[in-house]
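Undergrad: Below are the sequence and a predicted model for it; my questions follow.
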Amino acid sequence: MTRKGVEKVVGHRSTERHAEPGAATHHSGVGRVMHATDRLRAVFGPADRADPRVPVTHRHDDFEEASEEELATFEVETDSEGHHYGVRKTGAG
């Protein structure tokens, strides 16, 4: 008798194999995603991998500039237990 995810064993030889329980199959959600990404890779090629030794270049657009200005109005404080939190600087508004 076999169940899905269990091997049918006769003596020491396996005569029938099934996927392990929880393994990704074509019918599972993960299996469908993996199948789709495999097909995309076949069509478009592998993902480009940048040289990890090269530093990341950030764009300095208007949103990033506004974020930096907002963050400049905070100071990082540390409490007696070592927790960090931001406190708006006095006079900043």
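TA: Received the coordinates, thanks. Values in this document were obtained by computation on a predicted structure and should not be read as measured data.
Undergrad: Skip ahead from the helix or strand of the chain with the lowest mean pLDDT and say which helix or strand is next.
TA: The helix or strand of the chain with the lowest confidence, counting by mean pLDDT, DSSP states H and E, is strand 13-16 at a mean of 47. For strand 13-16, the succeeding helix or strand toward the C-terminus, using DSSP states H and E, is helix 29-44.
Undergrad: Buried residues, that next one. List them.
TA: Of the residues in helix 29-44, none has enough neighbours to count as buried (16 or more other C-beta atoms under 10 Å). All C-beta spots, glycine's among them, are computed from the backbone N, C-alpha and C.
Undergrad: What helices and strands are in contact with that helix?
TA: Other elements packing on helix 29-44 under the criterion 3 or more C-beta pairs under 8 Å, 6 or more residues apart in numbering; DSSP states H and E are absent; no helix or strand qualifies.
Undergrad: That helix - what's its average pLDDT?
TA: Helix 29-44 shows an average pLDDT of 86 in the prediction.
Undergrad: could you give the mean pLDDT of the helix or strand that comes right after that helix?
TA: Once the chain leaves helix 29-44, the next helix or strand it forms, by DSSP H and E, is helix 62-71. Across helix 62-71, pLDDT averages out at 91.
Undergrad: helices and strands around helix 62-71, which ones?
TA: Checking 3+ C-beta pairs under 8 Å, 6+ apart, helix 62-71 ends up next to no helix or strand.
Undergrad: Can you show me the CA trace of that helix as PDB?
TA: What follows is helix 62-71, C-alpha atoms only, in PDB (Å, rounded to 0.1, in the frame of the first residue of the first chain):
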ATOM      1  CA  ASP A  62      13.600  64.500  -5.100                       C
ATOM      2  CA  PHE A  63      12.000  61.900  -2.900                       C
ATOM      3  CA  GLU A  64      15.400  60.800  -1.500                       C
ATOM      4  CA  GLU A  65      16.400  64.400  -0.900                       C
ATOM      5  CA  ALA A  66      13.200  65.000   1.000                       C
ATOM      6  CA  SER A  67      13.700  61.900   3.100                       C
ATOM      7  CA  GLU A  68      17.200  62.900   4.000                       C
ATOM      8  CA  GLU A  69      16.000  66.300   5.100                       C
ATOM      9  CA  GLU A  70      13.300  64.800   7.200                       C
ATOM     10  CA  LEU A  71      15.700  62.300   8.800                       C
END
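Undergrad: Brilliant, that's me finished.
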